[in-house]
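predicted model, plus sequence, below.
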Amino acid sequence: MFENYNPFVDAKNGKTIEIEFSTNKVLDNNAIICDLISEDGTGLLITATEATLKTQGYSVSTKFKPEENVRISVVFEKVSSEKPLILLYLDGILSGACTWEGKMGTDKIMSFKGSDNVSFTIKQIRVQNKDIDSNQIVNNFILYQDTSADMQYVYNRNNIYENGNISVNKLAEVIPVMIVTGNIPFVDDQTAENKSKVTIMQKIQYIDYIYNKSFVFERGGMSCQGTSSMTYPKKNYRIYAEEKKLSQPISSFDGKG
């Protein structure tokens, strides 16, 4: 089925490529097992310990351990979509994304090759001519587990939805959760010049069922953290809990954490 096959043909119409494999007997982490990088520098490169996706001007990658079965999923959103992305998943988890304009080199044929520095085992290659969503990516990862016990375990870890929405209580059984009630969009709109401006939040709630460390405090403060993150749509945040000015009845102020 995959003889003389280039996976990027017609990707601009939406496509999903999933490869499940393991690398073994690794002597060089940079040893290549699949090279789909075209002459224009775009494509997918898989080495003994890393998968890298390159578009024109952008690159995302995800690392993985040798001697373990991993599932790499690449989703090409339709170019007709608003600000289309290529998304890179590892074992059902989104690892990175980059924008693209439908331009992906098609001069490389899908092939895998071992060497003295790495061997590999291919479990499955799955290609769909549509851009499936994150829930479908997770479902595929669950479906192709080796045993029913493994399938049940992975399903339970990802069973965090209730009536189509993420359940905070179910999620908190797996990882700690923080809920901030307040004007977060105002914080996100801050620029680098006034990133230290602290905004009063109505309530900050930390839920931790794993270590039983849950707490709630009201009128806590929040500001942007870091300079590089100021260009992100969503910022890194700093929380203030012991600043005297937090007790003042104002919505925001300039202060130190």
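Alright, I've got the coordinates.

any regions of the chain where pLDDT drops low?
Applying pLDDT under 70 to the chain picks out residues 1-3, 194-196, 228-234, 242-257.

mind checking how far the residue most central in space within the chain is from residue 68?
The centroid of the chain falls nearest to residue 94 when counting by CA atoms, centre = their mean (2.6 Å). Applying CB to CB, to the nearest Å, the value for residue 94 to residue 68 is 19 Å. Placement of C-beta: from N, CA and C, glycine included.

excluding chain neighbours, what is closest to residue 34?
residue 46 (4.1 Å; CB to CB, 6 or more residues apart in numbering).

wait, that neighbour touches residue 33, no?
Yes: with contact defined as CB atoms under 8 Å, residue 46 and residue 33 form a contacting pair (5.5 Å).

quick check: bridge partners of residue 36?
Per DSSP bridges, the residues bridged to residue 36 are residue 44.

so who does the residue nearest to residue 34 touch?
19, 32-35, 52, 72 (CB atoms under 8 Å, 6 or more residues apart in numbering).

surely the residue nearest to the centre of the chain is within a strand?
Yes: counting by DSSP: H, G, I helix; E, B strand; the rest coil, residue 94 is located in a strand.

for it, which residues make a bridge with it?
When assigned by DSSP bridges, residue 94 has beta-bridge partners residue 89.

buried stuff in stretch 127-146?
Residues 131-132, 136-138, 140-142, 144-145 are the ones in stretch 127-146 that count as buried (16 or more other CB atoms under 10 Å).

I'd like those laid out as JSON lines, including secondary structure.
Below are the buried residues of stretch 127-146 laid out as JSON lines (three-state DSSP):
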{"residue": "131", "secondary structure": "coil"}
{"residue": "132", "secondary structure": "coil"}
{"residue": "136", "secondary structure": "helix"}
{"residue": "137", "secondary structure": "helix"}
{"residue": "138", "secondary structure": "helix"}
{"residue": "140", "secondary structure": "helix"}
{"residue": "141", "secondary structure": "helix"}
{"residue": "142", "secondary structure": "helix"}
{"residue": "144", "secondary structure": "coil"}
{"residue": "145", "secondary structure": "coil"}
